[in-house]
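In: sharing a model that was predicted from the sequence below.
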Amino acid sequence: MSQRNQTLGEFIIENQSSFKYTSGELSRLINSIRLAAKVVNHEVNKAGLVDILGAAGDTNIQGENQQKLDVYANEKFIQTMTDRNIVCGIASEEEDDFITINSKDENHQNKYVVLIDPLDGSSNIDVNVSVGTIFSVYRRVTPVGTPVQLEDFLQKGTKQVAAGYIIYGTSTMLVYTTGDGVNGFTLNPAIGSYYLSHPDMKFPEDGRIYSVNEGNYIHFPKGIKNYIKYCQMEEGDRPYTSRYIGSLVSDFHRNMIKGGIYMYPKSSKASNGKLRLLYECNPMAFLAEQANGKASDGFTRIMEIEPTELHQRVPFICGSKNMVEKAEEFMRNAE
């Protein structure tokens, strides 16, 4: 039985046998993400004191302005996983193409690829609002020992073996799943260790929070507009409370704890949606389903979508199961 005073390292060792691949490689990978997160957390927490705020003067593959901490976080996560010789490939939201890890060991048997959003919600950095890191892990499908290929990354979300996020907020938490529930660990900055603080996290089946950028209301499809009106209607336990931070990790984390729904639908400004299937939606969908929640594009289960490109965008609706199903009902009825 897991104890709340367990460290993340102890928890990984104790629960390694519940993972169907028991080579220890995945455990070392989670540990490397833990280490990189501590380094990034240190920089995030002192961002206002050093020259690390603001734009870096460049744009990423999405055409978005890269913040200095975006670049820093991207470099640290890639460097940590590369130096530890754990993965055979990495794809980052901040990189145009995937990165092949050339092991120093010619006979290396690295089996995993990682897809990562190094600093989600980075537009909030300059105003001291919570940001986060999102990661997703797959077993490669091409032969072990050969350079990774695009198909190793373009896998359905159902093929994920692990996913999680780190939230850099009033406290720093690492939340992850390997397909056997969701557990959250809080960093004790005094000693640099993560402790199990939120075992077996679950979405309440119903909630009273809806999270959507209502400034884009006029651009939303009819089904989403109708669902928002439903949320605002005074009837039963409604109106619901509107809470939108603009950082997926933060909005998801709050809704998982309190019960709620997060929506970033397609719109007349973004016909395919805005969030990235591989770096944001799939890992969050895996976490949601492992925590008794649901994730959909409004019609289809997120983790069943067949990826066609590294930076593919999709509409995203995620959260408490009954709320997501109600939103899907409005989407179907508006067709």
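Out: In hand now; what should we look at?
In: the helices in the stretch 101-250 of the chain, which residues?
Out: Assigned by DSSP state H, counting those that start in this stretch, the stretch 101-250 of the chain shows helices spanning 222-232, 248-258.
In: now do the last one: which elements does it pack against?
Out: Taking 3 or more Cβ pairs under 8 Å, 6 or more residues apart in numbering; DSSP states H and E as contact, the helices and strands that helix 248-258 lies on are strand 131-139, strand 160-168, strand 209-211, strand 260-264, helix 282-290, strand 316-320. In short, each C-beta sits where N, CA and C put it, glycine included.
In: who are the neighbours in contact with the nearest residue to residue 140 once chain neighbours are set aside?
Out: Excluding its sequence neighbours, the residue lying closest to residue 140 (Cβ to Cβ, 6 or more residues apart in numbering) is residue 152, at 4.4 Å. By Cβ atoms under 8 Å, 6 or more residues apart in numbering, the residues touching residue 152 are 88, 89, 98, 113, 138, 140, 141, 142.
In: which pair of the residues you listed spans the longest distance?
Out: With distances taken as Cβ to Cβ, the most widely separated pair in these is 98 and 141, at 13.5 Å.
In: these two: who's more crowded?
Out: residue 98 (19 against 14; other Cβ atoms under 10 Å).
In: run a quick neighbour tally on the spatially closest residue to that one that is not a sequence neighbour.
Out: Nearest residue to residue 98, sequence neighbours excluded (Cβ to Cβ, 6+ apart): residue 91, at 4.2 Å. Other residues near residue 91 come to 23 when the count uses other Cβ under 10 Å.
In: pretty sure residue 91 contacts residue 114?
Out: Yes - contact criterion Cβ atoms under 8 Å: residue 91 and residue 114 qualify, at 7.5 Å.
In: circling back: helix/strand/coil for the residue nearest to residue 98?
Out: Secondary structure, DSSP: H, G, I helix; E, B strand; the rest coil: residue 91 is strand.
In: next one: it from residue 159, what distance?
Out: Taking Cβ to Cβ, to the nearest Å as the measure, residue 91 falls 14 Å from residue 159.
In: what does residue 172 give?
Out: Distance of residue 172 to residue 159, computed by Cβ to Cβ: 29 Å.
In: CA atoms of the helix or strand harbouring residue 74 as CSV?
Out: Per DSSP states H and E, residue 74 falls inside helix 68-83. The C-alpha trace of helix 68-83 is given here as CSV (Å, rounded to 0.1, in the frame of the first residue of the first chain):
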residue,chain,number,x,y,z
LYS,A,68,13.1,32.7,-22.8
LEU,A,69,11.9,30.1,-20.3
ASP,A,70,10.4,28.1,-23.2
VAL,A,71,13.9,27.8,-24.7
TYR,A,72,15.5,27.0,-21.4
ALA,A,73,13.0,24.3,-20.4
ASN,A,74,13.3,22.7,-23.8
GLU,A,75,17.0,22.6,-23.6
LYS,A,76,17.1,21.2,-20.1
PHE,A,77,14.6,18.4,-20.7
ILE,A,78,16.3,17.3,-23.9
GLN,A,79,19.7,17.5,-22.3
THR,A,80,18.7,15.5,-19.3
MET,A,81,17.1,12.7,-21.2
THR,A,82,19.9,12.6,-23.8
ASP,A,83,22.8,12.6,-21.2
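In: apart from its neighbours in sequence, what residue is nearest residue 38?
Out: Looking at residue 38 with Cβ to Cβ, 6+ apart, the closest residue is residue 192, at 6.3 Å.
In: residue 283 versus the one you found, what's the distance?
Out: 25 Å.
In: just residue 37 next, same as before
Out: For residue 37, the distance to residue 283 equals 15 Å [Cβ to Cβ].
In: can you pull the contacts of residue 328?
Out: Residue 328 makes contacts with 296, 298, 299, 317, as judged by Cβ under 8 Å, 6+ apart.
In: one more time with 10 Å, if that's ok
Out: Residues near residue 328 by Cβ atoms under 10 Å, 6 or more residues apart in numbering: 223, 227, 294, 296, 297, 298, 299, 300, 317.
In: closest to residue 311 among the residues you listed?
Out: If you rank the contacts of residue 328 by distance to residue 311 using Cβ to Cβ, residue 297 comes first, at 16.4 Å.
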